[in-house]
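Student: Provide a 3D model corresponding to the input given below.
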Amino acid sequence: MPQKITNTTQLSCNQGTTPSNLSVTSQNFSTAEGKYIATEQDKQANVHIKPFGQCKLKPTIGGYSLCLPVPMDWQKTTEKDTINNYKILTEYSFCMCNTGGKIEVTDKGHGEKHEIL
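Tutor: Residues are numbered from 1 along each chain as shown. Take a look at the predicted model:
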């Protein structure tokens, strides 16, 4: 069963050079190990998803430009479980970046096990 992800989930972009942590602001009452559980609304650049170092798709004379995420909608969310009518993100959730990368979960941010639908 896929596991929920939380406020301290580590994300990576396959076109970025460093990971980033997810910040959850879509809700403030449902937690796992005291950390807010992420929903499909946690997708805003520089609020929920911070830069991923340098972007391999944006070469410059001196290297690469900053990897500023431009996330689209989250995919592979829960089918039935919701918080505030928003689908919950799982360790298998991902979103495409409008620049061309794929943002994925590399660490779910907690050790609890949850059965979700």
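Student: make it CA atoms for all contacts and neighbour counts henceforth
Tutor: Fine.
Student: what packs against the least confident helix or strand in the chain by mean pLDDT?
Tutor: Least confident element among the helices and strands of the chain, by mean pLDDT, DSSP states H and E: strand 31-32 (a mean of 88). Based on contacts counted as 3 or more CA pairs under 8 Å, 6 or more residues apart in numbering; DSSP states H and E, there is no element that strand 31-32 packs against.
Student: Provide the strand pairings for it, with the direction of each partner.
Tutor: Under the criterion DSSP bridges, strand 31-32 sits next to strand 35-36 (antiparallel) in its sheet.
Student: Name the surrounding residues that touch the partner strand.
Tutor: Applying CA atoms under 8 Å, 6 or more residues apart in numbering, the set of residues contacting strand 35-36 from outside is 6-8, 24, 27-30.
Student: From residue 107, how far off is residue 31?
Tutor: Per CA to CA, to the nearest Å, residue 31 is found 16 Å from residue 107.
Student: for residue 53, same thing?
Tutor: Separation of residue 53 from residue 107 (CA to CA): 18 Å.
Student: Looking at these two, which one has more neighbours?
Tutor: The residue with more neighbours, out of residue 53 and residue 107, is residue 53; 19 against 16, by other CA atoms under 10 Å.
Student: check contacts around that one.
Tutor: Neighbour list for residue 53: 16-19, 66-67 [criterion: CA under 8 Å, 6+ apart].
Student: if we can go back for a sec, can you put the contacts of strand 35-36 in a markdown table and add neighbour count and pLDDT?
Tutor: Output for the contacts of strand 35-36, formatted as a markdown table (neighbours: other CA atoms under 10 Å; pLDDT from 0 to 100):
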| residue | neighbour count | pLDDT |
| --- | --- | --- |
| 6 | 29 | 93 |
| 7 | 22 | 92 |
| 8 | 19 | 85 |
| 24 | 23 | 97 |
| 27 | 16 | 97 |
| 28 | 11 | 95 |
| 29 | 10 | 95 |
| 30 | 13 | 95 |
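Student: Mind picking the two most distant members of those residues?
Tutor: 8 and 29 (15.5 Å; CA to CA).
Student: Check what pLDDT residue 114 gets.
Tutor: As predicted, residue 114 sits at a pLDDT of 58.
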